[in-house]
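Chemist: kindly generate the corresponding structure for this input.
(2 chains)
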Amino acid sequence: MIVLNDLYKHRDLLFAWTFRTIRARYQQSILGGIWAIVQPIAIVIVFTIIFSRFIRVDTGDIPYVVFSYTAMVPWTLFVSSVTDMVDTLVANMNLVSKIYFPRDILVIAAMLARLLDFTIASSILIVLLFVYQMPAFTISLLYIPLILAIQLALSLGLGLGGAALNVFFRDIKHLFVLGLQLWLYATPIIYPVTLIPERYHTYYYLNPMAGVIEAYRSVILHASPPGNYLIISALAAAVVFLSGYWLFKRVEHKFADVI
Amino acid sequence: MELSIQFINVSKRYRIGSSTLSIRSLLTGRNHSQEVKHHWALRDVSFELQPGESLGIIGPNGAGKTTILKLLSKVTYPTSGQIKINGRFSSLIELGAGFHPDLTGRENIFLNGTILGMRREEIRSRFDQIVEFAGIGEYLDTPVKRYSSGMYARLGFSVAAHVDPEILLVDEVLAVGDMSFRKKCYERMLQLIKNGTTMIFVSHDFGAIQKVCSRCLVLYRGILSYDGPAAQATAEYSNILRRAASSKSEALLTADGALSQMVMTHGAVIEGVQLIRSDGQPGQTFKSGEVVHVRMQVRFNERAHSPVFACTVRQPDGQVVYDYTTHWANHPTPDFEANSVREIEFILRLNLVAGIYYLGVDLAYHDLSYYYDRLIRAVDFVVEGGDGALGSAALEAQFFVYEMKN
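Modeler: I've put the predicted structure just below:
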């Protein structure tokens, strides 16, 4: 509650910093916001060629492009926001060591700035759903805010914890980049969950992103509510979020001395 | 009335060296390693400030001045002791902190303003004042990376000075910008004080502090050694320098960065510099107009053909007051044999107004191609007395009023 109150008091800064981050990212670039879709599309094209031409992956009656792009959009948000968040304190050390403001603002703003990319990439998803005549607009889409909230809580927990540790050990940033790359393969993005033997599913869904991605697919492509696995994701996300925040607050006062 | 600022037995310790921290010690807050070295930036400092008071803080480099500001602005926290602050504060610790070079002046005003704790509506209502004070009207929608450094600093100061703080913290930020802007800054600071703002002003420049502050702290190596009227702080500052010099001149010269030594070649090395009064006693405080002997001992490691000797007097803001070289003065110098030590003396008449000055000495090749040795800030000294004039040169004005015969 104190946390939320503090954030509310500094909401103007939060928005100003988010705006600054977005402006700075696409300043002096020709494509600008288009870059937000170039990356997921490029990856999806490559995977589509590989997994629907050379190595056949069974995605049921859903075209592979739609199948993987639906997962790639939220996954790109996850990876880019966590990477940005982990780096943000060190990248703005000049500010952190000179002026006081709640430091979590920088981290949260880094995430909010990536939501714009997410929105742009999502609009392409809508186009894809139309092109492939998927049952796009069903009542199950109302689950999306919940799924997104779970994903953001998880990202924020990782981002806050990672950003705080990165102030003390710059290895953390590299560790996160590597970890996120490997994480892609532990999550049903380029392959369907059905590829994993049923008896391993309990363990498989311990990865909260597995549940999140599966939930997106379920509500967008199958027009059905997410399964119980989303509860595991929600619990895991809550634990990660709280630990990340706790860690951040625990060491926050040392940032300026160490950075 | 409630105190504005209270510092109670505050100490601040920094780690030095690059020893890595373990995750365990990070979380428990305890140090398990015995080899970590520490440096006390502040030791047991206490002072109080009434609302509306203006306080200057002066001291040589490394005295802990900036640490006090960082503690007050909650950027860092004390190792022990307590700090109480009542009121909204704004800091001028770094002008234009958070400015993004690609954003326009207008966008940066909002960004910087919110970083300093203003609400959007507040910024909007003061927007015109901020722009007018900074004098950047026509460049408002230009990215700040196209600004001159002066414009950049003006905009930064302008935003921070319009936060309308109850407490204003000012670091040595005014070294940038031209004279007329600096004057404007001081005027704004005085105006804020008049409106009841509590101010803490950190500077090397004693003149600036005296202009703005009624009270002054003198810090030396983290210890508060004077707290009283600003007018007497100069004398105290010079006392500290003198005391430190007599206790061990080596320590003064090397330990706290008071001396920056750049040996260019090792052909000749300046081994010591002293200021000597006409009565033969060493000193660091002089009367305006007094004659002082600058003595330096030079060890020649190699044969030096007619080297150039120079001595420079600077003000704390770096402004050169007087720069004398034997070369420009066409003063011939002898050759020096290798492995000899010589004492060199400059005699200066300190026609300077009261204030703090830095003396530097150089020794260069006869053709000025290299320095043998160079001490930009070999000795600090204080000039007292004079006629109360400001500036640097003591021109000993006289004043008359005459009857006109018509």
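Chemist: surely residue B:333 and residue B:310 touch.
Modeler: No. Counting by Cβ atoms under 8 Å, residue B:333 does not reach residue B:310; the two are 11.0 Å apart. Just so you know, the C-beta spots here come from the backbone N, C-alpha and C atoms, and that holds for glycine as well.
Chemist: return the set of buried residues in the helix or strand harbouring residue B:56.
Modeler: Per DSSP states H and E, residue B:56 falls inside strand B:54-58. By 16 or more other Cβ atoms under 10 Å in any protein chain shown, the buried positions in strand B:54-58 come out as B:54, B:55, B:56, B:57, B:58.
Chemist: again, but for stretch A:114-123
Modeler: A:114, A:116, A:117, A:118, A:120, A:121, A:122.
Chemist: just give me the closest of the buried residues of strand B:54-58 to chain A.
Modeler: Nearest to chain A, judged by Cβ to the nearest Cβ, of the buried residues of strand B:54-58 is residue B:57 at 17.2 Å.
Chemist: confidence score at the closest one?
Modeler: Here the pLDDT value assigned to residue B:57 is 91.
Chemist: identify the bridge partners of it.
Modeler: residue B:202, residue B:217 (DSSP bridges).
Chemist: is it in contact with residue B:204, as I believe?
Modeler: No. With contacts counted by Cβ under 8 Å, residue B:57 stays clear of residue B:204, the gap being 10.4 Å.
Chemist: quick revisit: what residues are shared contacts of residue B:333 and residue B:310?
Modeler: residue B:326 (Cβ atoms under 8 Å, 6 or more residues apart in numbering or on different chains).
Chemist: OK, contacts around the closest residue to chain B within the stretch 51-200 of chain A?
Modeler: Closest approach between the stretch 51-200 of chain A and chain B, counting by Cβ to the nearest Cβ: residue A:100, at 4.2 Å. Residues counted as contacts of residue A:100 (Cβ under 8 Å, 6+ apart) are B:73, B:74, B:75, B:91.
Chemist: what about the second one, neighbour count?
Modeler: Around residue B:74 there are 16 other residues, counting by other Cβ atoms under 10 Å in any protein chain shown.
Chemist: again with the third one
Modeler: When counting by other Cβ under 10 Å, one arrives at 22 neighbours for residue B:75.
Chemist: name the nearest residue to it, sequence neighbours excluded.
Modeler: residue A:256 (4.6 Å; Cβ to Cβ, 6 or more residues apart in numbering or on different chains).
Chemist: any idea how chain B splits into domains?
Modeler: Chain B is divided into the following domains under automatic domain parsing: B:5-21+B:29-232, B:260-384.
Chemist: what is the end-to-end distance of the first one?
Modeler: Start to finish, the residues bounding domain B:5-21+B:29-232 are 23 Å apart (Cα to Cα, to the nearest Å).
Chemist: that one: how far from the chain's middle?
Modeler: 13 Å (Cα atoms, centre = their mean, to the nearest Å).
Chemist: just to revisit the earlier point, want to throw the buried residues of stretch A:114-123 into CSV with distance to residue A:156 and pLDDT?
Modeler: Output for those, formatted as CSV (distance: Cβ to Cβ, whole Å; pLDDT from 0 to 100):
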residue, distance to residue A:156, pLDDT
A:114, 12, 94
A:116, 17, 91
A:117, 17, 90
A:118, 14, 92
A:120, 21, 89
A:121, 20, 89
A:122, 20, 91
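Chemist: residue B:150: which of those is nearest?
Modeler: Using Cβ to Cβ, residue A:116 is the member of these that lies nearest residue B:150, at 35.1 Å.
Chemist: surely that closest one touches residue A:23?
Modeler: No. Using Cβ under 8 Å as the test, residue A:116 is too far from residue A:23 to be in contact (10.7 Å).
Chemist: ok, residue B:64 - contacts?
Modeler: B:12, B:41, B:42, B:45, B:219, B:221, B:222.
Chemist: what about the helices in the chain?
Modeler: As the question left the chain open, I've gone with chain A. A:2-9, A:11-26, A:35-49, A:64-91, A:93-96, A:104-131, A:144-168, A:171-183, A:201-204, A:208-221, A:229-251, A:255-258 (DSSP state H).
Chemist: look at chain B instead
Modeler: In chain B, the segments counted as helices under DSSP H are B:23-28, B:65-72, B:105-115, B:120-134, B:149-161, B:179-194, B:206-212, B:233-247, B:249-254.
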